[in-house]
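Peer 1: No sequence on hand, only this structure:
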């Protein structure tokens, strides 16, 4: 038995005519008659009888009519409630400054469009801080770069970022190549985040493995100040594609690093599905979708999606 059959039956009884009901329902008389035959066969009960004056319900049909009306009202109420209901709640999402610079605004716009009643709290902090916050449940979701430090949480790899050397043009005059190998980083004055930063950790690991001497002239943990120092020629920096998307190419030179060791994986971490709130589940879907779209549309420099 289908809901539309109940609607058909009720309209036939209300109009007392198969032809009038078919006209109201915008369906052919033959098709309407076939639906009523199927309904009666499913119930194994005669609901309608045809007379010279039209169509009237049988005794069983009258009893069925009142319950069918009630079922239709309940179904209509359920449809209306579903259409009017909006997902609400509070969700906190953590991003590193470089990630937020490219992902933050598109993600917030997508959430506002899809779930306007979800109150979004975006936390911009270093990856190491986000890892601690996610493990202590201070935030619901986060984009981090080392899944090994995440305890009890689900970690989904979304994309891999290539790293770029960024510096004032005058600082890299002696480098003619369009790409750099790690060995060429020796002797370049670097401005990097402190040792607690995930990117700095990957850089130090690579330097040890390849016996490369790094000249770290300054440590700055804030991306805005770090890039300001680079623009003023105080040193070069290594940053992922997210950080180079809005750079002033007239002032700065950007050179890709040709080495997979210096790439940066992006993991979307969250509680398991049965622990996340409905708002959290919806936010995770939107966040994943926006990240993938930015890469597919070429808006995330040097980023490659994982095949999952």
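Peer 2: Cool, the structure landed. Source: prediction; values computed, not measured. Residues are numbered from 1 along each chain as shown.
Peer 1: Who are the packing partners of the helix or strand harbouring residue 256?
Peer 2: Using DSSP states H and E, the element containing residue 256 is strand 252-256. The elements that strand 252-256 packs onto, with contact taken as 3 or more Cβ pairs under 8 Å, 6 or more residues apart in numbering; DSSP states H and E, are strand 163-168. For the C-beta atoms, the positions are set from N, CA and C on the backbone; glycine is no exception.
Peer 1: quick one on the thing from earlier: what strands line up against the strand holding residue 256, and which way round?
Peer 2: For strand 252-256, the paired strands and their directions (DSSP bridges) are strand 163-168 (antiparallel).
Peer 1: And the contacts of the partner strand?
Peer 2: The contact list for strand 163-168, computed with Cβ atoms under 8 Å, 6 or more residues apart in numbering, reads 172, 180, 185, 188, 199, 227, 230-233, 235-241, 243-244, 247, 251-257, 262-264, 301-302.
Peer 1: What subset of those residues is buried?
Peer 2: Restricting these to buried positions leaves 172, 180, 185, 188, 199, 227, 230, 235-241, 243-244, 247, 252-257, 262-264, 301-302, with burial counted as 16 or more other Cβ atoms under 10 Å.
Peer 1: quick one: what helix or strand has residue 243 in it?
Peer 2: Following DSSP H and E, one finds residue 243 within helix 241-244.
Peer 1: Please apply the same query to residue 103.
Peer 2: Using DSSP H and E, the secondary-structure element containing residue 103 is helix 97-114.
Peer 1: just residue 21 next, same as before
Peer 2: Element membership of residue 21 [criterion: DSSP H and E] is helix 18-25.
Peer 1: got the buried residues for that helix?
Peer 2: 18, 20, 21, 22, 25.
Peer 1: TSV for these, including pLDDT and distance to residue 194?
Peer 2: As requested, the buried residues of helix 18-25 are exported to TSV (pLDDT from 0 to 100; distance: Cβ to Cβ, whole Å):
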residue	pLDDT	distance to residue 194
18	88	81
20	91	80
21	90	77
22	90	77
25	88	71
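Peer 1: Residue 56 pairs with what?
Peer 2: Here residue 56 sits in beta bridges with residue 49, going by DSSP bridges.
Peer 1: For residue 118, see how far away it is.
Peer 2: 53 Å (Cβ to Cβ, to the nearest Å).
Peer 1: what does residue 265 give?
Peer 2: 28 Å.
Peer 1: who's more crowded, those two?
Peer 2: Between residue 265 and residue 118, counting by other Cβ atoms under 10 Å, residue 118 is the more crowded of the two (21 against 17).
Peer 1: Got phi/psi on the more buried one?
Peer 2: Main-chain dihedrals, residue 118, degrees, to the nearest 10: phi -90, psi 120.
Peer 1: Which strand or helix spans the nearest residue to it once chain neighbours are set aside?
Peer 2: Once flanking residues are discounted, residue 118 sits nearest to residue 279: 4.9 Å by Cβ to Cβ, 6 or more residues apart in numbering. Assigned by DSSP H and E, residue 279 belongs to helix 278-296.
Peer 1: for that helix, packing partners?
Peer 2: Under the contact definition 3+ Cβ pairs under 8 Å, 6+ apart, helix 278-296 sits against strand 89-95, helix 97-114, strand 118-124, strand 141-144, strand 154-161, strand 264-270, strand 303-305.
Peer 1: gap between it and the chain center?
Peer 2: The gap between where helix 278-296 is centred and where its chain is centred comes out at 0 Å by Cα atoms, centre = their mean, to the nearest Å.
Peer 1: now the angle between strand 264-270 and that helix, please.
Peer 2: Using axes from the mean of the first three to the mean of the last three Cα atoms, to 10 degrees, the direction of helix 278-296 lies 160 degrees away from that of strand 264-270.
Peer 1: Show me what counts as buried in the top helix by length along the chain.
Peer 2: In the chain, ranked by residue count with DSSP state H as the criterion, the top helix is helix 59-84. For helix 59-84, the buried set under the neighbour-count rule, 16+ other Cβ under 10 Å, comprises 61, 64, 65, 68, 71.
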